[in-house]
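Student: Turn this into a model:
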Amino acid sequence: MRALFVTIPLASLLFTGGCSLFEEGEEPAAPIVEQELQEAEGVLFYENPKEKKALIVDGSFDEDDLNLPLKEIKKKYDLWYVTIKEPVMLKDLPSGSHVKIRYQEMLGSDPKSTAAEEIEVVPGS
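Tutor: This is a model prediction of the structure:
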């Protein structure tokens, strides 16, 4: 019975605000600022729309190599795997398109991979 008398006052303190995250007069921390998007340009490559998409960021890329399998392109050129976040019709972005992506961070390192927040075709390429 004695434990019940001690437990009830402690429990009531928790539910009535006796426990607070902030000291009186203390302000909560400022909200986390969304980081700026970084940009990269390259040639979009994929063998099948349902498979991995690659962004070939290598300036020495020879467009005649677009007919090579992804494994061969990966051996020859610097490329990133890209997940495209924004809804886009891949018929509007065929393999071989010169594109610019905007991304927040690299998600992997060998090969690099990222999630494209935005993607656009680079005009005149």
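Student: Quickly note the distance from the most centrally placed residue in the chain to Y81.
Tutor: Nearest to the mean C-alpha position of the chain, counting by C-alpha atoms, centre = their mean, stands A115 at 3.6 Å. For A115, the distance to Y81 equals 10 Å [C-beta to C-beta, to the nearest Å]. No exception for glycine: its C-beta is placed from N, CA and C like everyone else's.
Student: follow-up on the earlier one: pull the contacting residues for the closest residue to the residue nearest to the centre of the chain other than its chain neighbours.
Tutor: Nearest non-adjacent residue to A115, counting by C-beta to C-beta, 6 or more residues apart in numbering: T83, 4.5 Å away. Shown in contact with T83 (C-beta atoms under 8 Å, 6 or more residues apart in numbering): K53, S113, T114, A115, A116.
Student: Separate out the buried members of the residues you listed.
Tutor: Buried members of the contacts of T83, scored by 16 or more other C-beta atoms under 10 Å, are K53, S113, T114, A116.
Student: Closest one of those residues to Q38?
Tutor: T114 (8.7 Å; C-beta to C-beta).
Student: Figure out how far stretch 47-67 is from the centre of its chain.
Tutor: Averaging C-alpha positions (C-alpha atoms, centre = their mean, to the nearest Å) puts stretch 47-67 20 Å from its chain's average.
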